[in-house]
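Novice: Got a sequence here, can you model it:
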Amino acid sequence: MKIVVTGGLGFIGSHTVVELQNEGFEVIAIDNLSNSSIEVLDGIERITGKKPIFENLDLRDKTAVQNFFATHTDISGVIHFAASKAVGESVENPLLYYENNLNSLIYLLQELQQKPAANFIFSSSCTVYGQAENMPITEDASIQTAMSPYGNTKQIGEEIIKDVAKVSAINAILLRYFNPIGAHESAEIGELPIGVPQNLVPFITQTAIGLREKLSVFGNDYPTPDGTAIRDYIHVVDLAKAHVVALKRLLNQQNLENVEIFNLGTGTGSSVLEVINAFEKVSNQKLNYQIVGRREGDITEAYANTEKANSILGWKTELSLEDALSSAWKWEKKIRNK
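Specialist: Take a look at the predicted model:
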């Protein structure tokens, strides 16, 4: 069975390609290499013994997307990761985010809606909840006004998929993830931010290895126990496995509605300082960090209620925060040859 993974050489995409291949799926990875490296293909092959088919393709190029689907007519499902993903950058460059994240989605759906049946997994985000009123966050929590253009692209993306599913044979699952971190235990693939990392854990590991002088903690005046923002950090391998489970649900026609939504997280919130302390423990490194002002677009806290994914998908996380941080540190040391 042929599965397309867009953004297939990215952080979550590459780990999902591994889990799909481990389950016997034939994978076509699409990536334009704007925020990833072709060497990831070799890492995937070293883990699974098989290299996925790779297409260097920009999904903002409508003709290229049309040609791809004209060539590959036997696709059983699409898992769509390809997107720009940094909250801070989206505030500074909103049009880039609207173009990247919406045009690519629309061109994919335009091809899929022509098929007699199509299965689509969408990489959504807990950012759609904005600052939710109640913790932990359930799938029924109201969608708040997005606090960043990035979050808005995920909200709009979800709405587009729901609208298209009403008038086509597309079945979709929207996976709202919380904060993916960590790396494959083999340290063959991991998070590879180009330039200055926008996410906490790569910044921690780069600071610990000496690539960054210090780590900035954005705000210690939040209404939380230690004043720093709280997030639900999920190991990327657990997250990748959830995509395979969701895809199989659609392939086996077990979905109860043509669009289903699941939160993917651990169900536990950790503050920035808790993550720093946990990292120091697993790595035996002392981190140089400083408290600075809050960052625009950031919310106080977000962690998942995972009961729906646990009971309906039959999926739950198996790896801890310490496991994830330890694997991220192992990966960082490997790519810096230390």
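Novice: immediately after the lowest-mean-pLDDT helix or strand in the chain, which helix or strand?
Specialist: Scoring the helices and strands of the chain by mean pLDDT, DSSP states H and E places helix 87-92 at the bottom, with a mean of 88. Per DSSP states H and E, the first helix or strand lying C-terminal to helix 87-92 is helix 94-98.
Novice: Which strands and helices lie in contact with that next one?
Specialist: Helices and strands touching helix 94-98, by 3 or more Cβ pairs under 8 Å, 6 or more residues apart in numbering; DSSP states H and E, are helix 87-92, helix 149-166. Every residue, glycine included, has its C-beta placed from N, CA and C.
Novice: Lys50: what's it in contact with?
Specialist: By Cβ atoms under 8 Å, 6 or more residues apart in numbering, the contact list for Lys50 reads Gln21, Ile44.
Novice: and it, helix, strand or coil?
Specialist: Classification of Lys50 by DSSP: H, G, I helix; E, B strand; the rest coil places it in coil.
Novice: okay, and for the stretch 201-338 of the chain, where does confidence drop off?
Specialist: The stretch 201-338 of the chain contains residues with pLDDT under 70 at 338.
Novice: got it, and the stretch 1-150 of the chain?
Specialist: Using pLDDT under 70, nothing in the stretch 1-150 of the chain is flagged.
Novice: how about a cut-off of 90?
Specialist: Low-confidence segments of the stretch 1-150 of the chain (pLDDT under 90): 85-89, 127, 130-131, 144-148.
Novice: All the strands of it, in order from the start?
Specialist: Ranges of strands in the stretch 1-150 of the chain, per DSSP state E, counting those that start in this stretch, are 2-6, 26-31, 53-56, 75-80, 118-125.
Novice: still on that earlier bit, columns mean neighbour count on top of the helices and strands packed on helix 94-98, output as TSV?
Specialist: Below are these laid out as TSV (neighbours: other Cβ atoms under 10 Å):
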stretch	mean neighbour count
helix 87-92	18
helix 149-166	19
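Novice: Looking at those, which is nearest to Gly293?
Specialist: Taking Cβ to Cβ, helix 87-92 is the member of these nearest to Gly293, at 12.9 Å.
Novice: Can you get me the centre-to-centre distance for that closest one and its chain?
Specialist: Mean C-alpha position of helix 87-92 versus that of the full chain (Cα atoms, centre = their mean, to the nearest Å) differs by 17 Å.
Novice: Which strands and helices lie in contact with that helix?
Specialist: Against helix 87-92 (3+ Cβ pairs under 8 Å, 6+ apart) you get helix 94-98, helix 149-166.
Novice: Which stretch among those helices approaches Val17 most closely?
Specialist: helix 149-166 (21.3 Å).
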